[in-house]
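[1] I would like to see how this sequence folds:
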Amino acid sequence: NVIGDSFRGATWVSIHNGGGVGWGEVINGGFGMVLEGDRKSERRLTSMLHWDVNNGIARRSWARNEGAVYAIKRAMETESKLKVTLPNMVDDNLFQ
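    Residues are numbered from 1 along each chain as shown. I've put the predicted structure just below:
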């Protein structure tokens with residue numbers, strides 16, 4: 001996520017350990033943006049946030065979160081350039 005953010009207009013990005021969720025066991029990323037109110041800032045903001053948010057929704061949909069699958073399908077309907085591979089759902093009866 002953080003690398004995609006850097007290519008799409010984040011002013012700075014960071015990759016760091018997960019802090020309170022298990023020191024050394026989790027890697028987190030973050031970003032910051034300086035917005036100056038011009039068209040260039042608007043373009044970077046739109047590009048970066050679209051990427052960041054939809055990337056998070058896509059990852060959760062791959063974990064078969066029903067709300068995330070619904071959300072990423074709606075996002076793809078809204079933005080024709082967005083293409084996300086949807087997860088294959090398995091019939092729970094196969095595991096009984």
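
[2] please report how far L86 lies from A75.
    Using C-beta to C-beta, to the nearest Å, L86 is found at 12 Å from A75. Backbone N, C-alpha and C define where each C-beta goes, glycine included.

[3] quick one: low-confidence ranges for this protein?
    18-24 (pLDDT under 70).

[4] how about the helices in this structure?
    Under the criterion DSSP state H, the chain contains helices at 2-7, 39-62, 66-78.

[5] turn these into JSON lines, columns for mean neighbour count and distance to V13.
    Formatted as JSON lines, those follow (neighbours: other C-beta atoms under 10 Å; distance: least, C-beta to C-beta, whole Å):
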{"stretch": "helix 2-7", "mean neighbour count": "15", "distance to V13": "5"}
{"stretch": "helix 39-62", "mean neighbour count": "16", "distance to V13": "10"}
{"stretch": "helix 66-78", "mean neighbour count": "14", "distance to V13": "22"}
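
[6] JSON lines please, covering those and showing distance to Q96.
    JSON lines is the format used below for those (distance: least, C-beta to C-beta, whole Å):
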{"stretch": "helix 2-7", "distance to Q96": "40"}
{"stretch": "helix 39-62", "distance to Q96": "24"}
{"stretch": "helix 66-78", "distance to Q96": "21"}
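
[7] which of the ones you listed sits closest to L94?
    For the helices of the chain, the distance to L94 is smallest for helix 66-78, at 18.3 Å, taking C-beta to C-beta.

[8] what sits up against stretch 33-40?
    Contacting residues not belonging to stretch 33-40 are listed as 9-11, 41, 44-45, 48 [C-beta atoms under 8 Å, 6 or more residues apart in numbering].

[9] state the pair within those residues that is farthest apart.
    For the contacts of stretch 33-40, and using C-beta to C-beta, no pair is farther apart than A10 and S41, which are 11.8 Å apart.

[10] could you find the closest non-adjacent residue to I15?
    What sits nearest to I15 in space, not counting adjacent residues and going by C-beta to C-beta, 6 or more residues apart in numbering, is G29, at 5.2 Å.
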